[in-house]
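Structure for this input, please:
(2 chains)
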2 protein chains.
Amino acid sequence: MTTLPIMESILSANDEVALGNRRLLDDRQVIAVNVMASPGAGKTRLILRTIDALRGQLRLAVIEGDLAGRVDTDTVAATGTPAIQINTGGGCHLDAPQVRAALSELPLDSIDVVLIENVGNLVCPAGFALGEHADVVVASVPEGHDKPVKYPGIFAVADAVVLNKIDLAPYVEFDMEAFRAGVRAVNAQAPLFEVSCRTGSGIEDWARWLQSLADSR
Amino acid sequence: MTTLPIMESILSANDEVALGNRRLLDDRQVIAVNVMASPGAGKTRLILRTIDALRGQLRLAVIEGDLAGRVDTDTVAATGTPAIQINTGGGCHLDAPQVRAALSELPLDSIDVVLIENVGNLVCPAGFALGEHADVVVASVPEGHDKPVKYPGIFAVADAVVLNKIDLAPYVEFDMEAFRAGVRAVNAQAPLFEVSCRTGSGIEDWARWLQSLADSR
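Numbers count the residues shown, from 1 in each chain, chains lettered A, B, ... in the order given. Got it, this is the predicted structure:
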C-alpha cells in the first residue's frame, strides 16, 4: 500500500499552512479554538451560549465548517457576531488552507477569540492541525458514557472536554463516573465542563475557561 | 494536488475486494447489511434488539467495527450470536479487505444475514463499499432533525433509515416533519423506521424489513 507516505505528505503540507495560520493569529493577538464533536452533540448551541455569556467581555468570531449549507452560520451571524462559512463539499474535516481562507475574511484586528466549528466527526478532525491554540471536544449525554473509550484519539488531543445535554441524564442510561474515568484514561489534564446548552447550566465555568485562554495572550 | 487520482485508485482497489465479498456472500446465500451512524446513535442497541426480534426466524451474525476495543462484540457474542471484531486502529471507516477478513472467520453456511456495524461516523463510511446488499443509516432524536440536510451524502445512499431514541422526543426540540422532509429531499425511496431501542417501540417493522430482505435471496 502506498497510502502512508502520501498521507504523510498531505499532512505535512497541511501542517505548514497551519503554522502560517498560527503566526497570523499570534501577530493579531487572536486566540483560535477548534471545536470538535459528533454530529448533533451541540457545537452550534454551545457557540451561541458562549456568545451570550461573553458578550461585552470578549470579541468573538466564528468559522463554521459543514459538508454543505450555511444554516448555522446564518444563526450565528444573526447574533451580530462575525461568522464565515466553510463548505467542505463532502469532506470529513476542516483543513488549514480552508481556515486560512476564512481568516482572510475576518476583521482580525477587532477579534479576541475565533471559535472554529469543525465538521461533525469524532475521528478525522483530530488529525488535521488548523493553527488553533486549543482543541475542545464536545460530547453529549445521549451519545453514552463510553465515547472516550471508543474514540480515544480525539479525547487524547483535547485541551478541554465539554459534556453537553446533562439535562437529559434522567432519561437515559448514562454513568457520569464512567464518562469521567474514560476521559481521564486518555487525557489526564483537560478540564471537563458538564453543561446543558438548553438550560444554560454550567456555561459560566466554560466561558471563564475561554476568558482565561484569551487572558493568556 | 495529487490527492484525487490517489484516492480514486484506493477506492477502486477497495471496490474490487468489495465485489469479491459480494460474490462470496451470494454464493453462500448470505445477505450483508452495512449499518452506519454517528457515534452514540444506537447502532449496537439496534443490533441487540434485532437479534431479539428475529430469534428463531433468521440466523444472524455481526461484524463490529471500532477504532479500538471489543466491548460491543463481547455484548453481542453474549447473546449467542456469532460476532467478529474489526479494529481499524484509528481508521474512520470499515473497508472491504477488513470485512473480507471478518467474513473468513464466520460460519457463512449457517448464517442468513450479517449485520456490519461500521465505525461511528456520518461522513466517511458512505464512500467505501464493503460488498453489502443494503446500507442502513441510524439517526437519533437528540442529534436533531437537521442531520439529513447537514450530512446529505450518507442519507442519499441509504436503503433504509432508522430514527432511534424517539422516546426522548418530549425532552428535546425535535421536529419530526422536518426530519422526514430532510430524508425525502435527498432520498425519495428509503423506508424510514421510527424506533426506540430503549422501549422496543417500532422494532417489529424494522425486523420485518430485514426479514423481507432475507426472503429476497
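
Quick check: residues of chain A near chain B?
A:2-3, A:6, A:10, A:38-41, A:66-69, A:71, A:90-92, A:119-124, A:140, A:142-144, A:146-147, A:149-153, A:165, A:167-168, A:171-172, A:198 (CB under 8 Å from any CB of the partner chain). Quick note: C-beta positions are derived from backbone N, CA and C, even for glycine.

Now that we have those residues, which of them are buried?
Taking 16 or more other CB atoms under 10 Å in any protein chain shown as the criterion, what is buried in the residues of chain A next to chain B is A:10, A:38-41, A:66-67, A:91-92, A:119-124, A:140, A:142-144, A:146-147, A:149-153, A:165, A:167-168, A:171-172, A:198.

what about the helices in chain A?
A:3-27, A:43-53, A:71-77, A:96-103, A:147-150, A:152-156, A:176-186, A:203-215 (DSSP state H).

Which positions in the last one come out as buried?
Right, the one you point to is helix A:203-215. Result for helix A:203-215 [16+ other CB under 10 Å]: buried residues A:203, A:206-207, A:209-211, A:213-214.

low pLDDT regions in chain A?
A:1-6 (pLDDT under 70).

Find the centremost residue of it, please.
In chain A, the residue lying closest to the centroid (CA atoms, centre = their mean) is A:Val35, at 0.3 Å.

which residues does that residue bridge with?
Counting by DSSP bridges, A:Val35 is bridged to A:Glu117, A:Val136.

Surely it and A:Leu115 touch.
Yes: under the criterion of CB atoms under 8 Å, A:Val35 makes contact with A:Leu115 at 5.9 Å.

OK, contacts around A:Ala83?
By CB atoms under 8 Å, 6 or more residues apart in numbering or on different chains, the residues touching A:Ala83 are A:61-64, A:73-74, A:76-77.

A:Ile51 versus that one, what's the distance?
10 Å (CB to CB, to the nearest Å).

dump the residue contacts of the closest residue in space to A:Glu16 that isn't next to it in sequence.
If the residues on either side of it in the chain are set aside, A:Glu16 comes closest to A:Ala96, at 7.9 Å by CB to CB, 6 or more residues apart in numbering or on different chains. If a contact means CB under 8 Å, 6+ apart, then A:Ala96 has A:14-18, A:20-21, A:128-131 as its contacts.

Among the residues you listed, give me the pair with the biggest separation.
A:Gly20 and A:Phe128 (14.5 Å; CB to CB).

So the two - more neighbours on which side?
A:Phe128 (20 against 15; other CB atoms under 10 Å in any protein chain shown).

close enough to count as contact, that one and A:His93?
Yes: counting by CB under 8 Å, A:His93 is a contact partner of A:Phe128 at 5.2 Å.

on that earlier part again, of the buried residues of helix A:203-215, closest to chain B?
For the buried residues of helix A:203-215, the residue nearest chain B by CB to the nearest CB is A:Ile203; the value is 17.7 Å.

residue contacts, that closest one?
A:49-50, A:53, A:195, A:197.

again, 7 Å this time
Applying CB atoms under 7 Å, 6 or more residues apart in numbering or on different chains, we find A:Ile203 in contact with A:49, A:53, A:195.

what separates it from B:Lys147, distance-wise?
24 Å.

what sits up against stretch A:19-34?
Contacts of stretch A:19-34 (CB under 7 Å, 6+ apart): A:96, A:99-100, A:103, A:108-109, A:111-116, A:118, A:130-136, A:213-214, A:217.

can we see that at 6 Å?
Contacts with stretch A:19-34, where a contact means CB atoms under 6 Å, 6 or more residues apart in numbering or on different chains, come from A:96, A:99-100, A:108, A:111, A:113-116, A:130-136, A:213-214, A:217.

residues of that stretch that come out buried?
A:21-22, A:24-25, A:28, A:30-34.

ok, of these, which one's closest to chain B?
Using CB to the nearest CB, those come closest to chain B at A:Asn34, 17.1 Å.

Please name the nearest non-neighbouring residue to the closest one.
Per CB to CB, 6+ apart, closest to A:Asn34 is A:Glu132, 4.0 Å.

What's the local residue count around the one you found?
A:Glu132: 24 neighbours (other CB under 10 Å).

Next, it: phi, psi?
phi -70, psi 160 (degrees, to the nearest 10).

Quick check: end-to-end length of stretch A:61-70?
Using CA to CA, to the nearest Å, the end-to-end distance of stretch A:61-70 comes to 16 Å.

Contacts made by that stretch with the rest, please.
Here stretch A:61-70 has contacts from A:47, A:72-73, A:76, A:81-88, A:90, A:94, A:102, A:106, A:111, A:114-119, using CB under 6 Å, 6+ apart.

among these, which ones are buried?
For the contacts of stretch A:61-70, buried by 16+ other CB under 10 Å: A:47, A:72-73, A:76, A:81-86, A:88, A:94, A:102, A:106, A:111, A:114-119.

on that earlier part again, surely the residue nearest to the centre of chain A touches A:Val136?
Yes: contact criterion CB atoms under 6 Å: A:Val35 and A:Val136 qualify, at 5.1 Å.

From A:Asp159, how far out is A:Asp27?
Using CB to CB, one obtains 22 Å as the distance from A:Asp27 to A:Asp159.

can you pick the most crowded of the contacts of A:Ala96?
Result: A:Leu130 is most packed of these (other CB under 10 Å), 30 neighbours.
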